[in-house]
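1. Here is a sequence together with a model predicted from it:
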Amino acid sequence: DRISRAAFTRTVPASAFAPDALDRHVRALDARADGGTAPSLPGGSTAGSGRRFVAGDLIGLGATGRVYATLDRDLEREVAVKILSEERSGIDEARSFVDEARLTASLSHPNVLPVHDLGRDDHGRVFFTMKRIAGRSLADAIDRSTPEAPEAPLHDANAIVSLFIDVCQALAYAHHRRIVHQDVKPANIMLGDFGEVLLVDWGSAGRLDGGAAPKIYGTPLYMSPEQARRERVDERSDVYGVGATLFHALTMRLPTWHDDGERFFAMKRIGAFSPPTPEERARMPAALIDIALKALGARPDERYADANAMLADLRAYQAGLAVRAHHEGALERLARWHRRHAPAIWCAGAAAVMAVTLAGALYREHLKRLDRWGEPMFEERFDDDSWRQRWLLQEGAFAHQDGRLVSTDHGASTVYLDRKLWGPLAVEYDAEMLPGCAPCDLSLVWCRDLVREGDRIVPTDLYHLQFGANNGAYSTIINHYRQLACSYVQPQHGRRYRVRCEIADERMTLLVDGEKICEWIDPIRFDGGYIGLYGHYPGKAFDNVTVSVRGIAQEVPATAIGDAMVRADQLDLAVDQYARVAHSHQGRALADEALYKQGLCRWRQKRYIEAEAAWAPLADSSWSDLLRLNRIDRRFDAGDHDGVIAELDALAAAVDPTTRARAGMRWSVAVDHLMQHDGMAEMPRYLDLHRRRFADLTTLDAAVTRALLRSGRPQEVLDRYPRQRLRCCFALQALGRSREIVDCYPDQHGPYDWALIECGLSDRIDPTFDREAFATGQCERGLPEEALAFISDEHDVAARALCQLGRLDEAVAGLSRIGGIDQIRVLALSGGTLPDFPPEFRNEQALTLLVRGDAAGARTRVGPESWLSPRIDAALAIEAAARADHDQASLLAQQVSSHAYVSG
C-alpha cells in the first residue's frame, strides 16, 4: 500500500528515511500521541491555592516529545509546555531533551521562541515551558491556499519575501552560533496574528562544533539530499530546507514528490525536483523563483553558503537591487530601477523625465556597444524562407515558423552563415526553447573553415558555445569534445533569451541576457572563421541575429601574423614569423610571447629539442607555468604517470586561476587518453588527484563522470555529480536502476526512452520525438507491423521488424542500401569485402576493424562514449583471456559492465 503524503511531512530520524521504516515510525508516533498523558507540573501558584501551571490540550507532537497548551496562573498567560515522551525516558533521551531546551534558550533572537523554565513533572518527566504564539503555521496557510486564491501572506511576493527574511534571520543567528536546525519546513514556521514570524521546534537541531557530527533528522518532503543519504549536514542543509519551503510557498506545490515511496526517496537522494512551469514562473517574479532554485541546489556547493548569504539576496530583492541567483537582461534591470525609484519620479510629477531617463540609459548602452564594435555588419530576421539563400544547412533541419527559425530534426541541426568573417566578431541572437519541446541547445558554433565535399559540409577546428548542453543541463564551450569552460546556467522553456557570443583575439565569451556565463582564453589568437546556429531536438527557435565585426585593425600585435598561420596549420611558417618577432623585440614582453609560441609550434610537431631551445630564455619568466604544462604531455606519452601526477598536483596549487584551469584541462586530456588506450589500471590515481585538487572545477565534471563510469563507480556519479544529469542516467543504467530514470529524468529523452523500453513501458514513448526508440519499443512488444509504420525501410530497426515478420530478404536489401554502419553489418554477415572509410568516419572505421578482428585498432578510432566502446572492450577482454592475462581480462570485463549502453 502507498504511504499517505502526511507521513512525509513528519520529522523523523535518519533510520526512517525509507518507505517501510517511515511508515513504521509514523504509526508508532501516532500510537504514542493517542496514549500519552498530560503533564502534571510541579510548583504552587502565588495567586492562591493550586498549581501554577495547568496543562490543557495536546497541540503538537515532535520527534522528541509532546507539546501542550498550558495556563500560567501566576502571570496569567498562555504558554506552551514541551514534555519528553514517556517511551523516551532513558538517560540518553533525557540528556538530549535538556540539550534541546538549553540550545533553544541560547538563541536569544526575535524570530526564535524564548524558553522560560526547565524542570521535571510529578512523574519525573523532563519538560520546558516556552512562549505560545496566537496564530497559525505557514503549512496551514499553504493548505488553505490555491494558486488562483492564495491566503495572506502568500497573496503578495513582497509579503512572502518579508516572511522568509525573518526565517533567514533566525537561521543566520543560529549558523553564527554554529547550530543547524535540520528541519526547516512550513509546519515549523509560525505566523503570529500580529505579524510575528518564528522558526520553531529546535528538537532536531545540532551543534557543528561539538566534535561528533549531529544526529541526522529531517522531514522527507523538505530535507536536503545529503540528509536523505544520511551524510553529514551543515548550514547549507538548512538553506535547502528554506529553499524547498520558499518554492512551496511560491508555486503552491512541493518541489519533489512521487506517489511511490521508493521512487520519492530515490529522487530525494539525488536532489531531483520538478522545475517551475512557464505558468508558475508567470505568477511570481523570476528573481524570487531563482533564489529558491539556487537554495535547492542538488550539491551543497551549488547553494548559498549559509542563511546569511540567502538573506542578503532576499534583502536585495526587497530593496529593488540585483540578486546573485538571477541573471537579468537590460530591460529587466531598467524595470527594476523603475520600481525602486518610482516614488521619487512620480512624486516630482516628472513622467517626461522618466521617459528621457529610460531612453538615455538605453542609448548609453547602445553607444557603449557601438564604441566597441560599430554598427552590425549583418542582420537576419528570418521573416521568410529567403534565409536559405544566406545560410548553409550542415546537418538536421530547420523551418520558418512564426517569423523565427525553428529546429525540426530529432537530432542536431546546424546552419552556417555562408560567408567567412575576419577579425574580432560579436554575434547576438534571440533564442527560446518552445514550450513542450525537449530541452537542449540554443547555441552558436564557430569553425576556422568549411570544407565542401559534394553535398556534405565539413567544419574544421570546430568550437561549440553551448547554452543548454546535454539536454539543457548546463552551458559550456567545447572544442572537438574537449570541454574548455562550464557553467550550470540552464535555459527554461518559454523564456526568450538574448545570447551573445564574442570571439576576439585569444578570447571566446558566452553571455546570456548580458551576463557572462562561460569564457575560454586560448594561447593562439582566433582569426577568420564561420559562425552557425546550433539547436538540438525540435523546438529550438532563433531570431534577430546580428553580427558585428571590428575588422582587422591597422595596427595589430606583431605575433598576430604567426597566430593566423598556426590557425591555418602552417606551423613552419609560423615558427619563422615568431622568430622574427622575438629577434626584433628582444628584452620585451612581446619577445617572450613570440618565443613561447615558437616553441609551442615545434612542440606540436613533436620536435622537442627545438621547442626546448626556444623556451630556454623563459625558464624564470611568467611563461614558466605554461612550459611545465606542455612538458606534462611528453611525460604522459613516456608512461611517467608518477611525474605527471606530481606536476599536476603542484600546478593545481597555483594562485593564478588560469594556470590552475589549464592544469585541470591537462588532467582531463590524460584521463580521456587512459580510457581510449587501455590505461584504466592508472585511473584510480588520477581520480584521487581530482578529488584532492580539482573537485571544485566544474569544467572537469563531464570528464570525471566519464572516468568514474568507466571505472565501475556509478554510485559516485549519482552522489557527487547530480547536475550531470545525462551521466546520472548512465550511472543508473549501469546499476540496473532504469525505473529511477523513468521517475527522475524525463527530461533526458534518449536514456529516458530506452529506460521505458527496459521497464516494459514503451507505450509511453512519444513517436513524434524519437521514432527509432518508439519503433524499437513496438518490436519489443511483439508489434513489428506498427514499428514499420514509424520507421524507414532502410533502417536497422526496420530490419529487425522485417526479420520478426519472416521477411529476411527485405531486411538485408534495406540494410544494404543504407551504407555506413549498416553496410558493414550486411557485408560482414554476407562475407562481402569491407570498404575503407575516410578518417572523419571514425565509428565506421572502428566497426570495420572490429569485424576484421583488430580490436586494438578499433579502440584507437573511437572514445569511451561511443556506442561501439563496450563491444571493443568485450573483444579485448576475450583476447586477454585467450592469452591468459586474467587481470586485464577482468578489468576490461568490468569496463564493459560499467558502460551506459550495453546491447547485443
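-> Right, received. Where do you want to start? Numbering: from 1, shown residues only.
2. In three-state terms, label residue 458 for me.
-> The assignment at residue 458 comes out as strand when based on DSSP: H, G, I helix; E, B strand; the rest coil.
3. Show the pLDDT at residue 129.
-> pLDDT recorded at residue 129 is 91.
4. so who does it touch?
-> Contacts for residue 129 (CB atoms under 8 Å, 6 or more residues apart in numbering) come out as 53, 70, 72, 79, 80, 81, 115, 116, 117. Every residue, glycine included, has its C-beta placed from N, CA and C.
5. Closest one to residue 501 out of these, please.
-> residue 115 (58.1 Å; CB to CB).
6. Assess the claim that the closest one and residue 106 are in contact.
-> No: using CB atoms under 8 Å, residue 115 makes no contact with residue 106, being 9.0 Å away.
7. With neighbour numbers in mind, choose between the two.
-> Legend: neighbour count by other CB atoms under 10 Å for residue 115 and residue 106, higher for residue 115 (21 against 14).
8. what is the more buried one paired to in the beta sheet?
-> For residue 115, the beta-bridge assignment (DSSP bridges) gives partners residue 130.
9. what's the pLDDT at it?
-> pLDDT, residue 115: 90.
10. hmm, back to that, how about the contacts of residue 129 in TSV, adding secondary structure and distance to residue 598?
-> Converted to TSV, those look like this (DSSP: H, G, I helix; E, B strand; the rest coil; distance: CB to CB, whole Å):
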residue	secondary structure	distance to residue 598
53	strand	88
70	strand	85
72	strand	86
79	strand	82
80	strand	78
81	strand	82
115	strand	74
116	strand	79
117	strand	81
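11. so which of those residues comes closest to residue 200?
-> Using CB to CB, residue 80 is the member of these that lies nearest residue 200, at 9.2 Å.
12. residues near the residue lying closest to the closest one once chain neighbours are set aside, how many?
-> Closest residue to residue 80 apart from its sequence neighbours, by CB to CB, 6 or more residues apart in numbering: residue 132 at 4.3 Å. Residue 132: 18 surrounding residues under other CB under 10 Å.
13. where's residue 132 relative to residue 394, distance?
-> Applying CB to CB, to the nearest Å, the value for residue 132 to residue 394 is 70 Å.
14. residues in contact with the residue nearest to residue 80?
-> Taking CB under 8 Å, 6+ apart, we find residue 132 in contact with 69, 70, 78, 79, 80.
15. Out of these, who's the most crowded?
-> Per-residue neighbour counts (other CB under 10 Å) across the contacts of residue 132 peak at residue 70, which has 27 neighbours.
16. how many other residues sit next to the closest residue to that one other than its chain neighbours?
-> Residue nearest to residue 70 in three dimensions, not counting chain neighbours: residue 81, with 4.4 Å by CB to CB, 6+ apart. When counting by other CB under 10 Å, one arrives at 26 neighbours for residue 81.
17. Residue 81 bridge partners, please.
-> With DSSP bridges as the rule, residue 81 is bridged to residue 68, residue 129.
18. Just to check, it is in contact with residue 128?
-> Yes: applying CB under 8 Å, one finds residue 81 in contact with residue 128, separated by 7.4 Å.
19. For residue 217, list the residues it contacts.
-> Applying CB under 8 Å, 6+ apart to residue 217 gives the contacts 11, 12, 13, 14, 63, 182, 183, 203, 204.
20. quick revisit: for residue 688, see how far away the residue nearest to residue 70 is.
-> In this view, residue 81 and residue 688 are 54 Å apart by CB to CB.
21. same question, residue 772
-> Counting by CB to CB, the gap from residue 772 to residue 688 is 40 Å.
22. just residue 520 next, same as before
-> 27 Å.
23. quick one: which of these two has more around it?
-> Set residue 520 next to residue 688 and count neighbours by other CB under 10 Å: residue 520 wins out with 22 against 11.
24. need the contact list for the nearest residue to residue 438 once chain neighbours are set aside.
-> Excluding its sequence neighbours, the residue lying closest to residue 438 (CB to CB, 6+ apart) is residue 537, at 4.2 Å. Counting by CB under 8 Å, 6+ apart, residue 537 touches 407, 409, 410, 411, 437, 438, 439, 440, 749, 769.
25. Hmm, the fourth one is touching residue 397, no?
-> No: between residue 411 and residue 397 there is no contact, the gap being 9.5 Å when judged by CB under 8 Å.
26. now the stretch 51-200 of the chain, which segments are flagged as low pLDDT?
-> 62-63, 87-89 (pLDDT under 70).
27. Next, the buried residues of stretch 119-137.
-> Of all the residues in stretch 119-137, those buried under the rule 16 or more other CB atoms under 10 Å are 121, 125, 126, 127, 128, 129, 130, 131, 132, 133, 135, 137.
28. now the end-to-end length of that stretch.
-> One end of stretch 119-137 to the other measures 27 Å (CA to CA, to the nearest Å).
29. who touches the helix or strand encompassing residue 642?
-> For residue 642, the host element (DSSP states H and E) is helix 641-652. Applying CB under 8 Å, 6+ apart, the contact partners of helix 641-652 are 625, 628-629, 631-632, 635-636, 659-660, 662-664, 666-667, 670, 682, 685-686, 689, 692-694.
30. Looking at these, which are in helices?
-> 625, 628-629, 631-632, 635-636, 659-660, 662-664, 666-667, 670, 685-686, 689 (DSSP state H).
31. Show the buried residues in those residues.
-> 625, 628-629, 631-632, 635-636, 659-660, 662-664, 666-667, 670, 686, 689.
32. if we can go back for a sec, what's the most distant pair in the contacts of residue 217?
-> 14 and 203 (14.6 Å).
33. Residue 416: which element?
-> Short version, using DSSP H and E: residue 416 is in strand 412-417.
34. and that strand, which strands flank it?
-> Going by DSSP bridges, the partners of strand 412-417 are strand 391-395 (antiparallel), strand 530-536 (antiparallel).
35. need those in CSV with mean neighbour count and distance to residue 40, can you?
-> Formatted as CSV, the strands paired with strand 412-417 follow (neighbours: other CB atoms under 10 Å; distance: least, CB to CB, whole Å):
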stretch, mean neighbour count, distance to residue 40
strand 391-395, 17, 80
strand 530-536, 25, 70
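36. about what we covered before: what are the phi and psi angles of the residue nearest to residue 80?
-> Here is the backbone geometry of residue 132 (degrees, to the nearest 10): phi -110, psi 130.
37. In a markdown table, list the contacts of residue 217 along with neighbour count, secondary structure and distance to residue 454.
-> Formatted as a markdown table, the contacts of residue 217 follow (neighbours: other CB atoms under 10 Å; DSSP: H, G, I helix; E, B strand; the rest coil; distance: CB to CB, whole Å):
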| residue | neighbour count | secondary structure | distance to residue 454 |
| --- | --- | --- | --- |
| 11 | 24 | coil | 68 |
| 12 | 22 | strand | 66 |
| 13 | 15 | strand | 68 |
| 14 | 17 | helix | 64 |
| 63 | 22 | coil | 71 |
| 182 | 25 | coil | 65 |
| 183 | 26 | coil | 66 |
| 203 | 24 | coil | 74 |
| 204 | 25 | coil | 69 |
